[in-house]
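[1] When you get a sec, could you give me coordinates for this:
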Amino acid sequence: MSVGAKHIATFLLGAAAGAAALKYASMSEEEREKLMASLKEKAEKVKGEAEDTFEKAKDYFSELTTKGGESLKEHWADAESFLKDLFRGKEEQGGGEKANPA
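    Below you'll find the predicted structure:
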């Protein structure tokens, strides 16, 4: 049985958790409260950043949908005429299959 990177990472994570538990157990009550307050503050900061990012992403995709639809409407006539010319050219040359009229 070989030892892979996954096993080594699991061992290191377990060792770090054990060291953290030992450190926490040796702290005074005041140090524990400071640590918990710090962790709560960092968690709130991360939560706030995640919520801001989610709102920005939602706005971005909404804008992308709107602009994409407008762009499609704007360029649809050009694309339609291009495709008609393309398939008409093949029919006139006599090569290939005829396009199905839709």
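
[2] Going by contacts, tell me the helices and strands next to the helix or strand where residue 18 lies.
    Using DSSP states H and E, residue 18 sits in helix 5-25. Using 3 or more CB pairs under 8 Å, 6 or more residues apart in numbering; DSSP states H and E as the contact test, no helix or strand touches helix 5-25. Every C-beta, even on glycine, is put in place using the N, C-alpha and C of the backbone.

[3] Tell me where this protein has helices.
    Counting by DSSP state H, the chain has helices at residues 5-25, 29-93.

[4] Save those helices as a markdown table, and put in mean neighbour count and mean pLDDT too.
    Below are those laid out as a markdown table (neighbours: other CB atoms under 10 Å; pLDDT from 0 to 100):
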| stretch | mean neighbour count | mean pLDDT |
| --- | --- | --- |
| helix 5-25 | 10 | 94 |
| helix 29-93 | 10 | 86 |
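
[5] if we look at the helix holding residue 18, which residues are touching it?
    If you take CB atoms under 8 Å, 6 or more residues apart in numbering as the criterion, helix 5-25 is touched by 32, 35.

[6] In terms of pLDDT, where does residue 101 sit?
    On pLDDT, residue 101 comes in at 53.

[7] quick one, phi psi at residue 27?
    phi -80, psi 150 (degrees, to the nearest 10).
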